[in-house]
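Visitor: just the structure for this:
(one chain, ligands or ions: 2)
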Amino acid sequence: MLSVKNVDFGYNSSKTLSNISLNVQAGEYLAVVGESGSGKSTLLKLIYGEFDVNNGSIFWHSTPILGPKNKLVVGHNFMKYVAQEFDLMPFTTVAENIGTHLSNFFPKEKQKRIKELLAVVELEKYHSTKVKHLSGGQKQRVALAKALAKQPEILLLDEPFSHIDNFKKQSLRKNLFQFLKAENIACIVATHDKNDVLAFADNMLVLHQGKVLLKGLPKDLYKQPKVPLVAAFFSEYSIIDDTIYYAHQIKVSEKGSIKAEVKHCYFQGAHFLIEANSDDEIIFFNHPTSIKIKTSVLLIAKKDV
Ligand code: ADP
Ligand code: MG
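Guide: Ligands and ions are numbered 1, 2, ... in the order given. Next up, the predicted model:
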């Protein structure tokens, strides 16, 4: 188990992270979400041992994770970290990069593992391509495969799909998270994309200004977003009578008691997202068809049961 206890950290005299505590079990996926600048990357770097904590402790099972003051070389065999800026060897091939840390004493096993990982990140065709010829998204996938090569016990991923296009993202997510479960690899993923979280994460931690704002099951935080920040992570939302509603929970209805005037109408594919004005408050709701600007509507808000 990874155990982070009461950790404080600052790059300088100001506190970047305050009193952070969290646990991650073997094989568990914890999503760390928060706005840009909330401290996600810093938290991953601390867990990796890149900096010294000011207070508190970090353990993987019984092994303390020490910062550079107490550990000369950053990193452990059981833990891999893929940073937002990944470092690869540009002049060698994709396969060689992925196999960097795999032993040459077992060439067959090495090739088998590389093949398996190329499949996970869907780069089979690029086996012999030099990394410098790859796009940003492809490089990110090589970095992921490289981190997985030696089957770490825990993987730290900083916005792992940020450079990857939407065409590839969906299948890559499924591949990766299924693979991690199959190999019982714990992971902590810093992300601001709900699609990395809802379908896959076991637990979720919301960071805000360097503090843990909320922790829980993604399903619970989704259903009961206690604060607007959490609701905003998942969807468009509105606040009516101090209650947070997602756009799909507000509907046009003759019986509705909320009067609003349509301001904007956004095509979303399966529906339209309508932005309306009600007593100078903005309300977002979903509607099956488009609605003309300035149309008056009656709305009804209802939480899912
Ligand atoms: P996130 O990953 O959530 O966007 P970061 O962990 O990168 O957040 O940053 C948290 C805060 O720490 C920000 O205010 C950022 O400006 C600051 N910060 C990040 N890296 C450094 C650094 N190397 N030196 C000083 N301040 C930093
Ligand atoms: Mg970051």
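
Visitor: what bits of the chain have low per-residue confidence?
Guide: Within the chain, the stretches with pLDDT under 70 are 305.

Visitor: center of it, which residue is that?
Guide: Thr191 (2.6 Å; Cα atoms, centre = their mean).

Visitor: can you give me the distance of that residue to Leu207?
Guide: Plainly put, Thr191 is 11 Å away from Leu207 if you go by Cβ to Cβ, to the nearest Å. In this view, the C-beta of every residue, glycine as well, is placed from N, C-alpha and C.

Visitor: quick check: neighbours shared by those two?
Guide: Residues touching both Thr191 and Leu207 comprise Val32, Val33, Lys40, with contact defined as Cβ atoms under 8 Å, 6 or more residues apart in numbering.

Visitor: mind picking the one among those that's closest to ligand 2?
Guide: Lys40 (4.9 Å; Cβ to the ion).

Visitor: and the closest one, how many residues sit next to it?
Guide: Using other Cβ atoms under 10 Å, Lys40 is surrounded by 24 other residues.

Visitor: show me what contacts the residue nearest to the centre of the chain?
Guide: Contacts of Thr191 by Cβ under 8 Å, 6+ apart are Ala31, Val32, Val33, Lys40, Glu159, Pro160, Phe161, Val197.

Visitor: now the second one: which helix or strand?
Guide: With elements delineated by DSSP states H and E, Val32 resides in strand 29-33, which encompasses its position.

Visitor: from Pro68, how far out is the closest residue to Trp60 other than its chain neighbours?
Guide: In space, and not counting its chain neighbours, Trp60 is closest to Leu2: 5.4 Å by Cβ to Cβ, 6 or more residues apart in numbering. Look at Leu2 and Pro68: by Cβ to Cβ, they are 19 Å apart.

Visitor: and for Asn55?
Guide: The separation that Asn55 has from Pro68, given Cβ to Cβ, amounts to 17 Å.

Visitor: circling back to that earlier point, run through the bridge partners of the residue nearest to the centre of the chain.
Guide: Val33 (DSSP bridges).

Visitor: between Leu2 and Pro68, which has more neighbouring residues?
Guide: Taking neighbours as other Cβ under 10 Å, Leu2 and Pro68 compare with Leu2 leading, 22 against 12.

Visitor: angle of the strand or helix carrying Ile188 against strand 29-33?
Guide: Using DSSP H and E, Ile188 maps to strand 186-191. With axes from the mean of the first three to the mean of the last three Cα atoms, to 10 degrees applied, the angle from strand 186-191 to strand 29-33 works out at 20 degrees.

Visitor: much appreciated, bye for now.
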